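1. Need the 3D shape of this:
(2 chains)
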Amino acid sequence: MTVLKATRRDLLKGAAAASLAGALPMPAIGQGAPLKIGLMLPYTGTFAKLGKFIDDGFRLNVEQAGGKLGGRAVEYVQLDDESEPGKATDNMNRLVGRDKVDVVVGTVHSGVVMAMAKIAKDTNTMLVVPNAGANDVTRAMCAPNIWRTSFSNWQPCFPMGKVMYDAGHRNIMTITWRYAAGLEDVEAIKESFVKLGGKITEELYLPFPQVEFQALITQIAQKKPDAVFAFFAGGGAVKFVKDYAAAGLRTSIPLYGPGFLTDGTLPAQGPDAEGIKTTLHYADDLDNPANKAFLAAFKQKTGQEGDVYAVQGFDAAALLNVGLTATKGDFAAKDAMYAAMRAAKIDSPRGPISFSRANNVVQNIYLREAKGGLNRYVSVAHADLADPALGCRASS
Amino acid sequence: MDLATFAVQLLNGVQYGLVLFLVASGLTLVFGILGVINLAHGAFYMLGAYVAYWLTLKTGSFFAAIIGGVAIAFVAGLLLESLFIKRLYGRDHLAQVLLSYGLILVLDEVRQILFGKDVHSVAAPEFLRGSFRLTDNLSYQNYRLAICLFCLAVAAVVFFVIAKTRVGMIVRAAAENRDMTRALGIRSDRVNRLVFATGIALAALGGIVVAPLSTVYPGMGDQMLILSFVVVVLGGIGSVAGAAIGALLIGLADTFGQVLIPSAASISIYVVMAAVLLWRPNGILGARDL
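-> Okay, here's the model as predicted:
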């Protein structure tokens, strides 16, 4: 019995030594092995198209860099998050724990991204957010390893206060869904609009994702504000814009909103969206060489017109490329990599971008006008706008 | 709220309620008469809307979309009943929920393959495209008014068939006591097939007529399914008249909930439902035990 015990112990020791031996040369091998990138995006469901475009944008950028980031080959692990917050923790754990990815790129849905950010923070896994705008990702949840190449909900909405005030509006109403993104958007415009001396006479909310707008549109008609700030997305945005026009309010009470109100939805909204002014960090016809090259390359790769989501995915890869180029592909040299990313100045299709102390993208916010099926550039509503990063204590 | 605004909101609530009725009437028929919980009801609503989009695009006529869409849904209902649903009569509700949930996934995938995942809009028929003034600055689409009339007409037809025809008599008898009806020699399988297909066709019809108002998008059936169940339970399972009352109640509760108590808008319809069920546990016109 004792003999057996000793043998087993020896065996265990041997196994431990063997595994250690296997682990030891890792850093050396690490540089040669491909960088494992987990793409955790919605590949099915309502946001599937957004997920696909982010994915395509990301891969396009890597392909343009010769299939490598910082000279290091890249391997993808794709995972469909279904925009399902309930499954977010399990999905993220699978990428980090089982697939052992180096960096996670995701996602679209704000509820899902909050669960991802929490795990990224706990496990110190690098996370690059290519869409979800929940302010907290780069505020209370901020960390050296959490980055965002899209926007915070605050960013596209804050400049709208000035845009609407400058257009002569003093009493406005807001309408959106009662959920995190809607509330953050209304907060952001309120902040700038009220500071300038404007007044928000009433904030209207619908339960998410209800699309029966008639009762609230009737209220808008009755209260007659100078203008309306609305945030809806996808099918809700299409229906709201059409209902608003059908109620005869499009010309009498102008409609404004963050770009999502008319982005990717113009074909379905048709003439009812004509003239709606929105603010976003991208416009379909941005006149800069990077955008033209991007749109042409994206069209060649996918056969489709690139949009803001594709740009956000494209820039996520560009940001990683900056970090890994600085360390010559060494992903273990985190400090040097993050420092390089923090100092990055990227010539994005959306214009020049850089990064704030909370690792959120600093970018121009453009005023656009829906015209002839495109969100056309009107002016720069706010140049180099950084999210205030309130509550972010992990500055580095 | 002045009287004019109140009247407009009343109109909004009634119009919403009528659309809810159109969709929920099919569900209450299937649920009440066949005893089958059809979770895929909302998926057929969505599919109806997509078919309306596709047929309007191909034929240029919204009426072709209505006729074609309802026909497709009816045939699909007949097939589904004879292949799958008929095996579920009298079975555990869990089996029905599983099958119809599976149907949701399949129908969603079919939609994905046939139509993709884009949001679409459907043009209303030419002569209904205009609008008329309701108040000094508020217009009302003619199409919305047309939907009200259309839903009323469909309701009248459904009521007539159920109250005055032989088929309706069998349907009522089956709703009252399925086993007794069968024992009396009524060919229940044929009636069942007809009822199920009609239920599906009504769901699709709801999706089709709503399409020009609501836009067509992937998860549009989910919310409609929940609302339809609320309407059915509220009105009394199997009672078409109950569904009509329930739908109007929900339409009004939702509209005035949003206007009068905006912070509680998301629960207003459920508060109404809870209150009604406390008063009448089987629903407003419900006779059968759940």
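
2. separation between the closest residue to A:Tyr338 other than its chain neighbours and A:Gly97?
-> Nearest residue to A:Tyr338, sequence neighbours excluded (CB to CB, 6 or more residues apart in numbering or on different chains): A:Pro144, at 5.4 Å. (Glycine included, C-beta is placed from N, CA and C.) Between A:Pro144 and A:Gly97 the distance is 21 Å, computed by CB to CB, to the nearest Å.

3. Looking at these two, which has the bigger crowd around it?
-> Using other CB atoms under 10 Å in any protein chain shown as the criterion, A:Pro144 and A:Gly97 rank with A:Pro144 on top: 18 against 12.

4. what secondary structure does the residue nearest to A:Tyr338 sit in?
-> Counting by DSSP: H, G, I helix; E, B strand; the rest coil, the backbone at A:Pro144 sits in coil.

5. any chance you could read off phi and psi for it?
-> Main-chain torsions, A:Pro144, degrees, to the nearest 10: phi -60, psi -30.

6. my guess is it contacts A:Asn359, does it?
-> Yes - between A:Pro144 and A:Asn359 there is a contact under CB atoms under 8 Å: 7.4 Å.

7. Output the below-cut-off pLDDT ranges for chain A.
-> Chain A contains residues with pLDDT under 70 at A:1-31, A:394-396.

8. where does it come near chain B, residue by residue?
-> Counting by CB under 8 Å from any CB of the partner chain, chain A comes close to chain B at A:44-46, A:48-49, A:178, A:204-207, A:209-212, A:214-216, A:218-219, A:221-222, A:224, A:234-235, A:238-239, A:242-243, A:246-249, A:252-253, A:265, A:267-270.

9. and if we set it to 7 Å?
-> When proximity is defined as CB under 7 Å from any CB of the partner chain, chain A approaches chain B at A:46, A:48-49, A:178, A:204-207, A:210-212, A:214-216, A:218-219, A:221-222, A:224, A:234-235, A:238-239, A:242, A:246-249, A:252, A:265, A:268, A:270.

10. check contacts around A:Lys190.
-> Contacts of A:Lys190 were listed using CB atoms under 7 Å, 6 or more residues apart in numbering or on different chains, and they are A:Ile200.

11. And for the closest residue to chain A within the stretch 1-150 of chain B, nearest residue in space, chain neighbours not counted?
-> Residue nearest to chain A within the stretch 1-150 of chain B (CB to the nearest CB): B:Ser139, separated by 3.2 Å. Counting by CB to CB, 6+ apart, B:Ser139 lies nearest to A:Gly248, which is 3.2 Å off, once chain neighbours are set aside.

12. for the one you found, phi and psi?
-> phi 80, psi 20.

13. A:Gly275 and chain B: what is the separation?
-> 17 Å (CB to the nearest CB, to the nearest Å).

14. Doesn't that residue belong to a strand?
-> No - using three-state DSSP, the assignment for A:Gly275 is coil, not a strand.

15. so where is chain B shaky, pLDDT-wise?
-> B:287-290.

16. at 80 what do you get?
-> Across chain B, the ranges flagged by pLDDT under 80 are B:1, B:90, B:117, B:174-178, B:188, B:214, B:286-290.
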